[in-house]
Structure formats: C-alpha cells, structure tokens
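Chemist: What follows is a predicted protein model with its sequence.
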Amino acid sequence: MEPEDLELIYTIENDPEMWDVSNFNVPYSQFVVRQYIENSQCDMFADKQLRLMVVRITDNVVVGTVDVTDFAPLHRRGEVGIGILTQYQGMGYATEALQLLCDYLFSFLYIHQLTAHIAVDNQASLHLFKSCGFMECGILKEWWFTYGQFKDVVILQRFHSS
C-alpha cells in the first residue's frame with residue numbers, strides 16, 4: 001500500500017457490495033483508512049496481516065486488493081481475501097493475483113497453509129479459489145448475516161504442497 005491508495009482502499013472498504021464477502025459491515029472514514037495505511041509496517045509478521053494492491057502492469061492502474069488476515073506465525077497459516085473493482089472483474093486479474101500471492105507466501109515466506117471463507121452462493125469466488133488449488137474442507141452453517149438473512153460459508157484450504 002502507498003498513501004496514494006487511500007481513495008481506492010476507502011472505496012473498496014465502504015462498498016456495501018463487498019460487505020457480504022467480508023466480516024465488515026460499517027463504513028470507514030478516510031481518517032481511519034489513512035491511519036491504517038500509515039501504521040502498517042507492510043510486514044506480515046509484525047502486522048499479523050498483509051494487504052497488497054493488485055496493479056495492472058501495462059499502465060500501473062490499481063484494479064483491486066489482495067489480503068492475508070488472521071496470520072498466525074507459529075502455525076504458519078493465514079486467511080486470504082481478494083477484492084477486484086467491479087469494472088475489472090472477469091478479466092483474469094483475480095486469478096493471477098491469487099496465484100502470485102500463493103506463490104509468494106509458500107515459496108518466500110514458507111507459509112504452510114491458507115484458508116478462505118466464501119458464501120455458498122458466491123460461485124465466482126468459489127470457482128476462483130478452487131482454480132488456484134484451494135479445496136473445500138467444510139461448511140459453516142448460517143455464518144454470515146447479510147441483506148437480512150443468514151448465509152452458509154464454505155471453508156477452503158490450500159497447503160504449501162498443493
């Protein structure tokens with residue numbers, strides 16, 4: 001993340017369409033987002049999380065973010081999330097970003113496993129993660145409450161050896 005990413009992160013975090021794929025459901029102020037960027041050491045081991053910007057190489061346009069949260073260094077695991085802006089969805093950016101993230105985490109940081117939580121009706125995200133080597137390992141019943149109803153959530157897992 002760079003200070004210039006403030007507006008994009010602010011937009012993504014405050015997009016109600018993204019709230020049903022995350023654990024967040026309140027808007028963030030620009031002040032809070034600015035503090036998050038400024039206080040991040042961009043070190044997954046120090047912050048226990050990592051947020052990277054997904055940048056299109058041809059023109060340096062930021063098309064989304066990819067995150068590792070709930071990082072547990074002792075157990076060498078973390079939870080992965082990805083958000084691609086609507087106008088860039090369906091162009092392969094999520095697949096490439098997720099694969100690059102997994103390669104980096106497994107090969108450079110020696111992470112053992114990654115997980116993802118995805119609503120059972122989010123077929124696009126389920127397809128994305130499965131195409132990148134994640135396997136379904138369970139379902140959490142009525143785990144997320146969005147748009148006035150509870151949703152089941154699929155837990156996906158990928159190991160370093162996958």
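Modeler: Noted; the coordinates are in hand.

Chemist: how near is the nearest residue to Leu105 once chain neighbours are set aside to Gln87?
Modeler: Distances taken as CB to CB, 6 or more residues apart in numbering place Ile111 nearest to Leu105, at 4.2 Å, with adjacent residues excluded. No exception for glycine: its C-beta is placed from N, CA and C like everyone else's. According to CB to CB, to the nearest Å, Ile111 stands 31 Å off from Gln87.

Chemist: Could you do His160 as well?
Modeler: According to CB to CB, His160 and Gln87 sit 34 Å apart.

Chemist: Which one's more surrounded, those two?
Modeler: His160 (14 against 8; other CB atoms under 10 Å).

Chemist: For Phe108, see how far away the more buried one is.
Modeler: Separation of His160 from Phe108 (CB to CB): 12 Å.

Chemist: In the protein, what helix or strand scores lowest on average pLDDT?
Modeler: The weakest-scoring helix or strand in the chain, judged by mean pLDDT, DSSP states H and E, is helix 16-19 (a mean of 62).

Chemist: Helix or strand: which one has Glu7?
Modeler: Taking DSSP states H and E as the definition, one finds Glu7 inside helix 6-13.

Chemist: Tell me how many other residues surround the residue nearest to Leu105.
Modeler: 23.
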